[in-house]
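S.K.: next input, structure requested:
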Amino acid sequence: MDELLQLNLQLFSMIGTIAFAISGAVVAMEEEYDILGVFVLALVTAFGGGVVRNVLIGIPVTTLWEQGNLFITALVAAFLVFIVPVSWIRRWKTWESLFDAIGLAAFAIQGALYAKQMNVPLSAVMVAAMLTGIGGGMIRDVLAGRKPLVLRDEIYAVWAMLAGLMIGLGWVQGSWQLLVLFVFVVALRMLSVIRKWRLPRRALKLSDEPSMEKS
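M.R.: As a prediction, the model looks like this:
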């Protein structure tokens, strides 16, 4: 069972790393960063959520440096984005929501599995899933000088927490069940994009300018 869990973790880690590394690289190029900036933003997007999750559930942050293959995978993905024709990147932008949904689902499941393995409470499993799924994207947007899309776009973090809930409760365990959950989260994320499902929001604008009174 432990070997199966490790295989599942590796699979979803690889899927999420590739999807989010590409996402980070594309954002860096949109902001006209140089190649170093492209690599940095790709790595931050791919691994930022995992670092935050590790801090939350008590896994040493230094375990990040043991993921050499994933680092190489992220760098290769970012480099390929950097050198491919612009028309390909425009095509990526067309499919960006799908790849973003894939990364979200993969990392949410991976984060929940890690937390479940640590025998933390259900609430921590859900938060770990959420932070792993959205943490890298939030850090990416902040470094790119953007408002984090995950906090104001279509429903995003909720689907990651849903994956954490189902794994934390033990409803999803086997490989095929995890695969079904992965497809389910991707589908929900894409439906929220297509149908523009949003959480309730309330705008508040307070003017700092004093009112001008006529004398």
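
S.K.: average pLDDT for the longest helix along the chain?
M.R.: Determined from DSSP state H, the single longest helix within the chain is helix 2-30. Averaged across helix 2-30, pLDDT comes to 83.

S.K.: buried ones in it, by neighbour count?
M.R.: For helix 2-30, a neighbour-count test (16 or more other CB atoms under 10 Å) marks 5, 8-9, 11-13, 15-29 as buried. C-beta coordinates here come from the backbone N, C-alpha and C atoms, glycine included.

S.K.: from the chain's centre, how far out does it sit?
M.R.: 9 Å (CA atoms, centre = their mean, to the nearest Å).

S.K.: pLDDT below threshold where in this structure?
M.R.: 1-2, 5, 92-94, 152-154, 207-215 (pLDDT under 70).

S.K.: please compute how far stretch 110-126 lies from its chain's middle.
M.R.: Taking mean C-alpha positions (CA atoms, centre = their mean), stretch 110-126 and its chain are 17 Å apart.

S.K.: make residue 1 into 14 and carry on from there
M.R.: Shifting the count to begin at 14 puts that one at stretch 123-139.

S.K.: and it, how far apart are its ends?
M.R.: Using CA to CA, to the nearest Å, one end of stretch 123-139 lies 11 Å from the other.

S.K.: buried ones in it?
M.R.: By neighbour count with 16+ other CB under 10 Å, stretch 123-139 contains the buried residues Q123, G124, A125, L126, Y127, A128, K129, V133, A137, V138, M139.

S.K.: neighbouring contacts of the host helix or strand of L191?
M.R.: Using DSSP states H and E, L191 sits in helix 188-207. The contact list for helix 188-207 (CB atoms under 8 Å, 6 or more residues apart in numbering) reads 17, 20-21, 25, 110-111, 113-115, 117-119, 121-122, 126, 167-169, 172-173, 175-176, 179-180, 185, 210-211.
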